[in-house]
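K.L.:
Only the shape, not the letters, is given here:
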């Protein structure tokens, strides 16, 4: 079986995989990182979104072999080593941007990428369009949009906007 | 006490969030057991066929395969069929037709997705590979998927024992009185409506792990369930015949349910039974495309509604005839949905004096249909509120004025409807006024004109509704056909140092119970919020409770907690009276202190708890040590949340695309414990309602194949399909539970679809549209505009 060597949340792993093994299967089944979820089989829901080399990818549509040599960050690696939550995690909690929590890891990872890749700012329409690849069945997105808007200034070192 | 107010009415941030935002939730598929095997089900790809033979020899020999089972193996072990939990009787008194629902298809398959063969292997991939080697020889039979085809005179039969594909033919109300009222009516307005079939699509696909401990003889089922005790009862007693003390059902974190995870499903029985057979754990995780053909669907009604009015627009009588598609088999609560959960709501918020409703439920070669968020109430609300706007259109009476004229007035409660229910409280004028104001109804004409200047068609719609939830009085539902009770239970364990663990029979699948219930208990017992934890979802830990659905958890489960706390406080008073050398009648309890009335002599809740567990100075002859109480609560009535939803849409006439530009809801959900959570529940429900109205449709072709069978085809609402959703509340208290709470889980999905559709019809009013069925897709809208434009040009 082919081998893949990758760094996940700062730790390097060398794992034997089948050619067809998906990155999400490697993360969940081989590395026990079950924070990354599988919500569909057509690459539509985004529950499996992780960061690979600094960009969000759907790990259900990425072969484990494609991640050879890559640096992957999952929801488990988003908070600081001392447990301090990432501003996006804080914003999701503060603004009640999650209910059942199943889409949340993928939604948070997509939102982090969205904010990081838009240093010039994000309108509500930008946020809604930017999160179009992630399905949430619980919240109606209202509070997710609020959370992402609130995380933007914090992530870009601007004055945080007070919660309503 | 706490510096931050965390009691009733505070938007406390949720206890459960830390694990969810950190990727540390524990969903069923996150769990694995040592020595675990994996189940894949070979499902029917035929809508309707005779199974001539099943050849599993190649699959059995495939690498990694542990076992391959068919119905014959289940039969040999005496495994029963999947039971139905509600029995309806037809007009003539005969019980509904209740066909066998085998765990694995026996003799015939009746819908695409019907499980036929269970393949268990060391890995999921090996099981999938082996499933490809199973050869099933079928003879196809003609199939029916749509209601119109299923009720056609010569329709093929889904079950030989159900002539006309009829499950039951039920009615409610006074037919003669309704006929008489129609005979003398000044106006009669009739409308045919369809309520589109939906796929619940909780984001977490269903999953189940079965395990068996040969030493103790105990089975364990870990499952994605809204109600673990219901599953234990149904599966243990009716399917696998496992005594309940040897069957543990665990529902850990559950990733959304919306009804679809109430029911007992065949897969739960298969993993549990197979684990016992193989003496190894068996795990099954549903793929999304598999979920589309195996999770119970929702809605799928065809109705004709007719209102009789006097010359002033007062409602005289309502007549409704509905055909409900129940799918191929009866899911757990399916028969209750179009009947006691829907027809009983046909009075709505109106004082219609007489109502007659008949419901014919039919079988078809489709996935079973059962309760989905709102369950029956969205169907009756859509029917009524579309009918209201149609009456306004046909008679020329303003749609708001028509509603006001017919509202049950706020001073008429308790109000007995002509369709069995008695509403305890409500104030429909106030929620209407409040919503119209918040939505700036009065300023709409200006916004419409502005939109027109941009070439857009703008419409506004309203819906005023009431629903019945907080289910339910056991005796009443028993008389109506329920085969289970619907009380709830709470066990409150006060620890020696005064912290509290609450064991509840309800179960959270996103509702934030760990937070809301902790707020409730903390505020009633006067202990810090951080000192209260909620335990649910494990039949080995919690007492026998009925779970979460029908917006019941706070109204029924929360009231059980109040009753258990009353017992705690009563016992605490006795202990305090002893310590303070006072009469128990003189002890008052408030803010966490037991005080001798009129004095400053007091004992804290913590001191009383410690005394209860260290009873050195204690009335031991009269009082048991310890401080732990259990209470069951069986509600006296349903609860009746209601309110008003206002929707504003804009249509691009060039493309037919539609955007919801404003959505305003003002709901009366009774007392609110956590406004943040309530608002989130209502927003989420509204998103599902907008989804039903504009996007979602479970489409079967005539042959019985599910055409919209994946997220590529079934349009789920996405962030850019939805607007910001403004939610307000106006409160009347429920009069029959201690908290005055009504429930908020389903109101969003109940009130919103007709508000959206009334707005769509309003936007298209210049095109001669009287009614449109859901979903109002761009194609449907474009066709209407184009057909009408062609006609206008020809004129």
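P.N.:
Looks like it arrived, so ask away. Because the structure is a prediction, the values reported are computed rather than measured.
K.L.:
Can you get me a residue count around the residue in chain A that chain B sits nearest to?
P.N.:
Per C-beta to the nearest C-beta, residue A:35 is where chain A lies closest to chain B, at 2.0 Å. Using the backbone N, CA and C atoms, a C-beta is placed for each residue, glycine as well. Neighbouring residues of residue A:35 were enumerated by other C-beta atoms under 10 Å in any protein chain shown; the total is 25.
K.L.:
can you check the one 5 residues further on too?
P.N.:
Residue crowding around residue A:40 was assessed by other C-beta under 10 Å; the count is 24.
K.L.:
just to revisit the earlier point, secondary structure element holding the closest residue to the residue of chain A closest to chain B other than its chain neighbours?
P.N.:
Nearest non-adjacent residue to residue A:35, counting by C-beta to C-beta, 6 or more residues apart in numbering or on different chains: residue B:23, 2.0 Å away. For residue B:23, there is no host helix or strand (DSSP states H and E).
K.L.:
hmm, back to that, residues touching the residue of chain A closest to chain B, list them.
P.N.:
A:74, A:75, A:76, A:105, B:22, B:23, B:24, B:25 (C-beta atoms under 8 Å, 6 or more residues apart in numbering or on different chains).
K.L.:
Which residue, other than its chain neighbours, is closest to the fourth one?
P.N.:
Looking back up the chat, that one is residue A:105. Residue A:105 sits nearest to residue A:75 (C-beta to C-beta, 6+ apart), 3.7 Å away.
K.L.:
residue in the stretch 601-750 of chain B nearest to chain A?
P.N.:
Counting by C-beta to the nearest C-beta, the stretch 601-750 of chain B gets nearest chain A through residue B:687, at 3.1 Å.
K.L.:
doesn't that residue fall inside a helix?
P.N.:
Yes: counting by DSSP: H, G, I helix; E, B strand; the rest coil, residue B:687 falls inside a helix.
K.L.:
quick one, what contacts it?
P.N.:
Going by C-beta under 8 Å, 6+ apart, residue B:687 touches A:139, A:140, A:141, A:142, B:717, B:722, B:725, B:748.
K.L.:
let's go with 10 Å and repeat that
P.N.:
Listed by C-beta atoms under 10 Å, 6 or more residues apart in numbering or on different chains, the contact partners of residue B:687 are A:136-142, B:663, B:716-717, B:719, B:721-723, B:725, B:748-749, B:752.
K.L.:
Which of the three states applies to the closest residue to it other than its chain neighbours?
P.N.:
Nearest residue to residue B:687 in three dimensions, chain neighbours excluded: residue A:140, at 3.1 Å (C-beta to C-beta, 6+ apart). Three-state call for residue A:140 (three-state DSSP): coil.
K.L.:
Next, residue A:140: phi, psi?
P.N.:
Main-chain dihedrals, residue A:140, degrees, to the nearest 10: phi 70, psi 10.
K.L.:
Now do the helices in chain A.
P.N.:
Ranges of helices in chain A, per DSSP state H, are A:23-25, A:87-94, A:104-116, A:124-130, A:142-155.
K.L.:
quick check: domain ranges of chain A?
P.N.:
Domain assignment for chain A by automatic domain parsing gives A:3-76, A:87-155.
K.L.:
what residue ranges in the stretch 1-150 of chain B score low on pLDDT?
P.N.:
B:1-4 (pLDDT under 70).
K.L.:
what residues are up against the residue in it that chain A sits nearest to?
P.N.:
The nearest approach of the stretch 1-150 of chain B to chain A comes at residue B:23, 2.0 Å away (C-beta to the nearest C-beta). The neighbours of residue B:23, taking C-beta under 10 Å, 6+ apart as the test, are A:33-37, A:74-79, A:89, A:101, A:104-105, A:108-109, B:30.
K.L.:
can you do 7 Å?
P.N.:
Residues near residue B:23 by C-beta atoms under 7 Å, 6 or more residues apart in numbering or on different chains: A:35, A:74, A:75, A:76, A:105.
K.L.:
so which of the helices of chain A is the most packed in?
P.N.:
With neighbours defined by mean count of other C-beta atoms under 10 Å in any protein chain shown, none of these is more surrounded on average than helix A:104-116, at a mean of 26.
K.L.:
That helix to helix A:87-94, inter-axis angle?
P.N.:
For helix A:104-116 against helix A:87-94, the angle by axes from the mean of the first three to the mean of the last three C-alpha atoms, to 10 degrees is 120 degrees.
K.L.:
now the spatially most central residue of chain A: how far from residue A:59?
P.N.:
Chain A has residue A:109 as the residue nearest its centroid, 1.9 Å off, counting by C-alpha atoms, centre = their mean. From residue A:109 over to residue A:59 the distance is 10 Å, taken as C-beta to C-beta, to the nearest Å.
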